[in-house]
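> From the sequence below, what's the structure:
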Amino acid sequence: MARTLTRRQLFQNAGAGIGGMALASLLEKDGFGSTGMLGNKGLHFPPRAKNVIYVHMVGAPSHLDLFDYKPELQKRSGELCPDYMFKGKQLAFIREQPTLMGTPTGDQFAFKRCGKSGIAISNLLPNLQTCADDMCFIRTLHTDQFNHAPAQMFLLTGFEQFGRPSIGAWTSYGLGSENSNLPNFVVLVTGQVLGAGNSAWGSGFLPTIHQGIEFRSQGDPVLFLSNPKGINSKDRKRVVDSVNRLNQLNLANVGDPEIETRINQYEMAYRMQTSVPELMDIKDEPKEIHEMYGTEPGKTSFANNCLLARRLVERGVRFVQLFDQGWDHHGSISTRLPKKAKQVDRPLAALIKDLKMRGLLDETLIVWSAEFGRTPMAQGSNADGKKTKAGRDHHKEAYTVWMAGGGVKPGHMHGITDDFGYGIVEDGVHVHDFNATLMRLLGIDHERLTFRYQGLRLRLTSVHGEVCEGVLA
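Numbers count the residues shown, from 1 in each chain. Here you go, the predicted structure:
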């Protein structure tokens, strides 16, 4: 029997429904809901971080000359390396048993104990030295790969071959968006990402809405975002609406989720025409901010990208990834490393301090990473330990990464390497463990965030990974 409603009941019920929808929309914008996989199910753990700024140094810096000082290596620099460090080992370029190589001598390369924590950081990074008490170092990260492309893929996607989703894509898939006018995963590049290329921020088998979108500091911020000549915004919107109506018909017939992704991306691109130019225009930042970062509006630089990263997380972008090329120092490390260190030191320290000043560091996780480390043995001549042409080869057994903010222990050093910085003595952290830990900081159980593909339930950490509890605050 049909149930009749009085006029009052109709308005009461309809009002509650409309009010509920409005409330849900407002809560989602405030971060209490999301479009991600976990949006309706809730996070697995209370999140320590809401956003990530993930900085990847392409080519791999020498951790031994920046963060992991070894007096014994200095003492024995120039001696033939022990057999266990060479025989039967995988090295990229060294073919004959090499000599040990300590950090170049001189005040420029000296290490200083910094802050209340007393963490030793090289004088090559004087600005980061002032942030030691906000930083959490892992000295014992290790990987399975020793060449750039597979090592980059392994760190950033959990698999050494192309075709898997990147960590930023997994984060987007799990957590969804906080800003409907900007992509959930943004990429900023200085130089070229040699090796993995744009697969380092790809979506793999996840819906393509989760792939990283590269923003540029010069020209159009995003390729093909501007209207063609003779087309205004009204015309562009009419085209987008017409195309999406056709896509909606196709979606109803076929049911392919990629069609829905295309619809969303067309709408996003239209909204980005307004939001992105405003975001990328940093010239109105206060003078003291430009001085702190060393930024130059209108130019492409790592400093500009660090400032843009802060502006992006302010606007709710979930995952911002910075790639900086030029760290592959197989030779002349004593002259080339200082130049690269100088380019990143000031802006990275500014980013930490700026986020802290704005009350955003507690909810933003900053990550410094590389695909592997550098050998304690010399590649090339190591005659005087000063300004020689010697460099360091690829090293996968142990290297240093660091994090700041976002729920990690401040002023903390995790793990110990041996006297030469070659192997692990205590508290090793595998790449899968590292990625599991990043997921945990975001409130995600890495074993439960999965995607069904080709009959398998796949995840970022393959079938491995343990959370490194020792770095959690």
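> mind checking how far the residue lying closest to Val193 once chain neighbours are set aside is from Leu43?
Leaving aside its sequence neighbours, Val193 sits nearest to Phe323 (Cβ to Cβ, 6 or more residues apart in numbering; 5.0 Å). C-beta here means a position set from N, CA and C on the backbone, and glycine is covered the same way. To Leu43, Phe323 is 28 Å away according to Cβ to Cβ, to the nearest Å.
> now Cys114
Separation of Cys114 from Leu43 (Cβ to Cβ): 35 Å.
> Then Lys75?
Applying Cβ to Cβ, the value for Lys75 to Leu43 is 49 Å.
> same deal with Gly195?
Distance, Gly195 to Leu43, by Cβ to Cβ: 33 Å.
> quick one: which of the two has more around it?
For Gly195 versus Leu43, neighbours defined as other Cβ atoms under 10 Å are more numerous around Gly195 (19 against 16).
> tell me the secondary structure for the more buried one?
Per DSSP: H, G, I helix; E, B strand; the rest coil, the local secondary structure of Gly195 is coil.
> what number of residues lie near Gly36?
So Gly36, with other Cβ under 10 Å, has 21 neighbours.
> going forward, begin numbering at 10 instead of 1
Shifting the count to begin at 10 puts that one at Gly45.
> Contact partners for it?
By Cβ atoms under 8 Å, 6 or more residues apart in numbering, the residues touching Gly45 are 181-186.
> my read is it is in a helix, agree?
No: assigned with three-state DSSP, Gly45 falls outside any helix and is coil.
> Okay, and the beta partners of the most centrally placed residue in the chain?
Residue closest to the mean C-alpha point of the chain, counted by Cα atoms, centre = their mean, is Tyr63 at 2.1 Å. Counting by DSSP bridges, Tyr63 is bridged to Gln330, Val376.
> That one touches Asp333, doesn't it?
No: here Tyr63 lies out of contact with Asp333, judged by Cβ atoms under 8 Å, at a distance of 11.7 Å.
> Look up which helix or strand the residue nearest to Val202 falls in, please.
strand 328-334 (DSSP states H and E).
> Please tell me how far that strand is from the chain's geometric centre.
Centroid separation for strand 328-334 versus its chain: 6 Å, with Cα atoms, centre = their mean, to the nearest Å.
> Just the C-alphas of it, formatted as PDB.
The C-alpha atoms that make up strand 328-334 are tabulated as PDB, following Å, rounded to 0.1, in the frame of the first residue of the first chain:
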ATOM      1  CA  PHE A 328      51.300  15.000  -2.800                       C
ATOM      2  CA  VAL A 329      54.000  17.300  -4.300                       C
ATOM      3  CA  GLN A 330      57.100  15.700  -5.800                       C
ATOM      4  CA  LEU A 331      60.200  17.700  -6.600                       C
ATOM      5  CA  PHE A 332      62.900  16.200  -8.800                       C
ATOM      6  CA  ASP A 333      66.300  17.800  -9.000                       C
ATOM      7  CA  GLN A 334      68.800  16.400 -11.600                       C
END
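> can you list contacts of that strand?
60-68, 176-177, 180-181, 193-203, 209-210, 221, 311, 314-315, 318, 321-322, 352-353.
> same question for stretch 428-448, mean pLDDT?
The average pLDDT for stretch 428-448 rounds to 98.
> how long is that stretch end to end?
32 Å (Cα to Cα, to the nearest Å).
> Report the buried residues of it.
Neighbour counts using 16 or more other Cβ atoms under 10 Å place 429-433, 437-448 of stretch 428-448 among the buried residues.
> Same check on stretch 453-463?
453-456, 458, 460.
> From the chain's centroid, how far away is that stretch?
20 Å.
> again with stretch 168-181
For stretch 168-181 - counting by Cα atoms, centre = their mean - the centre lies 12 Å from the chain centre.
> how long is it from one end to the other?
18 Å.
> quick one: low-confidence ranges for the protein?
For the chain, the stretches with pLDDT under 70 are 10-44, 48-50, 226-237, 239-240, 242, 244-246, 249, 272, 274-284, 391-397.
> Could you list which residues are in contact with Leu346?
Leu346 neighbours (Cβ under 8 Å, 6+ apart): 70-71, 74-75, 133, 338.
> From Gly400, how far out is it?
Look at Leu346 and Gly400: by Cβ to Cβ, they are 9 Å apart.
> so what sits against both of those two?
Taking Cβ under 8 Å, 6+ apart as the criterion, Leu346 and Gly400 both touch His338.
> Please enumerate the helices of the stretch 360-482 of the chain.
For the stretch 360-482 of the chain, the helices defined by DSSP state H, counting those that start in this stretch occupy 440-450.
> Going by neighbour count, list what's buried in stretch 107-120.
107-113, 118, 120.
> now the residues you listed as TSV including distance to Glu169 and secondary structure?
Below are the buried residues of stretch 107-120 laid out as TSV (distance: Cβ to Cβ, whole Å; DSSP: H, G, I helix; E, B strand; the rest coil):
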residue	distance to Glu169	secondary structure
Pro107	26	coil
Thr108	31	strand
Leu109	29	strand
Met110	28	coil
Gly111	32	coil
Thr112	31	coil
Pro113	33	coil
Phe118	33	helix
Phe120	33	strand
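> okay, these in a markdown table with distance to Ile361 next?
As requested, the buried residues of stretch 107-120 are exported to a markdown table (distance: Cβ to Cβ, whole Å):
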| residue | distance to Ile361 |
| --- | --- |
| Pro107 | 36 |
| Thr108 | 37 |
| Leu109 | 34 |
| Met110 | 31 |
| Gly111 | 29 |
| Thr112 | 24 |
| Pro113 | 27 |
| Phe118 | 23 |
| Phe120 | 20 |
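> which of the residues you listed lies closest to Ile425?
Nearest to Ile425, judged by Cβ to Cβ, of those is Phe120 at 16.0 Å.
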